[in-house]
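[1] Take this sequence and fold it.
(2 chains)
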Amino acid sequence: MSEIHGAVGSYVVNALDPDEREEFEAHLAVCPTCTREVQEFCETAAELSLLASATSPPAALRSSILSAISEVRPLPPELLPPEPSAEIAPVQPSPPTAETAPADRPIDELALRRQQRHTRILSVLVAAVVAAALALGGVVYGLVQARQSQVAQQAAETELLTAPDVKTYTATMKDGGQVSFVVSRSLNRAMFVGKGLPAVGVDRTYQLWTLEGQRPIPDNTVPGGGDRKEFFRETLGGVTGLAVSVEAAGGAKQPNPSTIQVITELAA
Amino acid sequence: MNGSSLPPDSEGGEPSGSAVRFGASSSRDTGFSSGWETGAAQLVELITLCSRGHEEAFAELYDRTSQRIYGIILRVLRSPDHAAEVMQEVYVEVWRQSARYSRDKGSVIAWMTTMAHRRAVDRVRSVSSEVARDERYAFHGGDREIDQVWDGVEQRLDVERVRRGMASLTPIQREALTLAYFGGYTQSQVAQLLKLPLGTVKTRIRDGLIGLRDALGVEA
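    Coordinates of the predicted model:
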């Protein structure tokens, strides 16, 4: 039995220090025997916890927890894609938020890895671009090796994402939607990427705008709800900013000042 | 602290103090006993409902499991204030992650207990300097750790099973496992406390779990 394998018990009872834990988890990812043993031991440890004796938590805690969860949305289930159709090789998907990551390591580690692998192409691309943009000071090189069915769209996205001067501007819209504008001056193209866009109703739509100084030029529209991406129709010559508003279905010629969601100024 | 722990709302018909496992009734029960067995299917149902946003199901899940989860958190942390905070973190996380639970990861109670123990231990380690957990307590109190665990427990069948399982281990396996699991010590600290080589402690912890698993007949 290799030494690392022997740490499985200590891993389950959380008796490893951070370095040892990391080392073991790396091993765990490739060792089905340990994976199975971890799972069995987690059941055993749960039984062991019975010896801690049951103690009623304070009654106030119950109401505090119940009111806390009413403000938290359960995560969506992991989707199992038909096949892993896209791999982003060199960039780590963005890590789960620091506060939640360690929650359930022993059992969920594999699921987490699986999920990271299977994260839909959109969020992977965004994560990759953002991560790399942060890491490389805004310049992204050779990020993407994507194979997708929508070849033309994908090729355009790949070209944009791998452009040497690609920049990502992220912002939160008034309605809470997370948006990124992926912009390459050398290609003269920009793409809107929305994550978790609120629904706007069937009779309304998000509308993209390019701004030339103070002058808004209507661009493509994007339906609300969920994750969306859309290229700007306009090329970027003379464009100083990008904006999004919510308009009646079909779009508008002039943005409605009250429904402007976000305005982002672009670097020259 | 370890007295009769039936909650006030145990009117669901389970004879108090008995070791009856809760069956298919949906009534509240004592929650902490044998959750992984007959209650397991119900917990799966509840967690499934949670994943769809049913807050009442979450409340029931809380009522069924909170004594047990709080028990282990408090046991590791000793401080009710820290325990309450970790408890809240854990249950909010259970709610958030409810759709990510699946049966092939094991039982709901093991999933939750693992999360709770992990967070409690993380908390112990992150606050240990600030709270100055008395290392000497444990150093001289290795036996006391074990006494506490062994003394105060109820005479319930489940607990008895686990106690018997623990009794079937060698003293060193039992001590190493107890210090690590209930004491929240790292294997290196356990080695120091027991004055044993790290490799030995590592092996004893694993052997202890194997022994306990086999004694309990737990299936993953």
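[2] before we move on, what SS does the nearest residue to A:V239 once chain neighbours are set aside have?
    Here the nearest residue to A:V239 in space, its sequence neighbours aside, is A:T210; by Cβ to Cβ, 6 or more residues apart in numbering or on different chains that works out to 4.6 Å. Where you see a C-beta, it was placed from the backbone N, CA and C, and this is true even at glycine. Assigned state for A:T210: strand (three-state reduction, DSSP: H, G, I helix; E, B strand; the rest coil).
[3] how near is A:T210 to A:S63?
    Spatial separation of A:T210 from A:S63 under the definition Cβ to Cβ, to the nearest Å is 51 Å.
[4] Comparing those two, which residue is more hemmed in?
    Taking neighbours as other Cβ atoms under 10 Å in any protein chain shown, A:T210 and A:S63 compare with A:T210 leading, 23 against 11.
[5] what's near enough to touch the more buried one?
    With contact taken as Cβ atoms under 8 Å, 6 or more residues apart in numbering or on different chains, A:T210 is in contact with A:A190, A:P216, A:I217, A:D219, A:F232, A:E234, A:L236, A:V239, A:G241, A:L242, A:A243.
[6] let's see it at 10 Å
    Taking Cβ atoms under 10 Å, 6 or more residues apart in numbering or on different chains as the contact definition, A:T210 lies against A:190, A:216-219, A:232-243, A:266.
[7] Could you tell me how far it is located from A:D203?
    Distance of A:T210 to A:D203, computed by Cβ to Cβ: 25 Å.
[8] just B:G184 next, same as before
    Taking Cβ to Cβ, one finds B:G184 at 57 Å from A:D203.
[9] swap in A:Q39?
    In this structure, A:Q39 and A:D203 are separated by 50 Å, where distance is defined by Cβ to Cβ.
[10] Which one's more surrounded, these two?
    Under the neighbour definition other Cβ under 10 Å, A:Q39 and A:D203 were set side by side, and A:Q39 has more, 21 against 8.
[11] The more buried one reaches B:K105, doesn't it?
    Yes - A:Q39 is within contact range of B:K105, at 7.2 Å (criterion: Cβ atoms under 10 Å).
[12] immediately after the helix or strand harbouring A:G9, which helix or strand?
    Using DSSP states H and E, A:G9 falls within helix A:8-12. Per DSSP H and E, helix A:8-12 leads on to helix A:18-28 as the next helix or strand towards the C-terminus.
[13] Neighbours of B:Y101, how many?
    Counted with other Cβ under 10 Å, the burial measure for B:Y101 works out to 25 neighbours.
[14] Of all the residues in chain B, which one is nearest chain A?
    B:R206 (3.1 Å; Cβ to the nearest Cβ).
[15] Would you map the helices across chain B?
    Taking DSSP state H to define them, one finds helices in chain B at B:38-51, B:55-77, B:80-96, B:108-131, B:135-151, B:157-167, B:171-181, B:187-194, B:198-216.
[16] Export the ones you listed to CSV and append columns for mean neighbour count and mean pLDDT.
    Converted to CSV, these look like this (neighbours: other Cβ atoms under 10 Å in any protein chain shown; pLDDT from 0 to 100):
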stretch, mean neighbour count, mean pLDDT
helix B:38-51, 19, 87
helix B:55-77, 23, 93
helix B:80-96, 21, 94
helix B:108-131, 21, 86
helix B:135-151, 15, 40
helix B:157-167, 17, 85
helix B:171-181, 24, 95
helix B:187-194, 20, 95
helix B:198-216, 21, 95
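[17] re earlier: the contacts of A:T210 in helices, which ones?
    Short answer: those have none in helices (DSSP H).
[18] From those residues, keep the buried residues only.
    A:190, A:216-219, A:232, A:234, A:236, A:239, A:241-243, A:266 (16 or more other Cβ atoms under 10 Å in any protein chain shown).
[19] would you turn those into JSON lines with pLDDT?
    What follows is the buried ones among the contacts of A:T210, written out as JSON lines (pLDDT from 0 to 100):
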{"residue": "A:A190", "pLDDT": "92"}
{"residue": "A:P216", "pLDDT": "88"}
{"residue": "A:I217", "pLDDT": "90"}
{"residue": "A:P218", "pLDDT": "90"}
{"residue": "A:D219", "pLDDT": "91"}
{"residue": "A:F232", "pLDDT": "91"}
{"residue": "A:E234", "pLDDT": "86"}
{"residue": "A:L236", "pLDDT": "89"}
{"residue": "A:V239", "pLDDT": "91"}
{"residue": "A:G241", "pLDDT": "92"}
{"residue": "A:L242", "pLDDT": "92"}
{"residue": "A:A243", "pLDDT": "92"}
{"residue": "A:L266", "pLDDT": "89"}
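[20] ok, the residues you listed vs A:I69, which is closest?
    Among the buried ones among the contacts of A:T210, A:A243 lies closest to A:I69 (Cβ to Cβ), at 36.2 Å.
[21] How about A:L211, nearest residue that isn't a chain neighbour?
    Closest residue to A:L211 in three dimensions, ignoring its sequence neighbours and counting by Cβ to Cβ, 6+ apart: A:G241, at 3.8 Å.
[22] Next one: the one you found from B:G71, what distance?
    A:G241 is 57 Å from B:G71, where distance means Cβ to Cβ.
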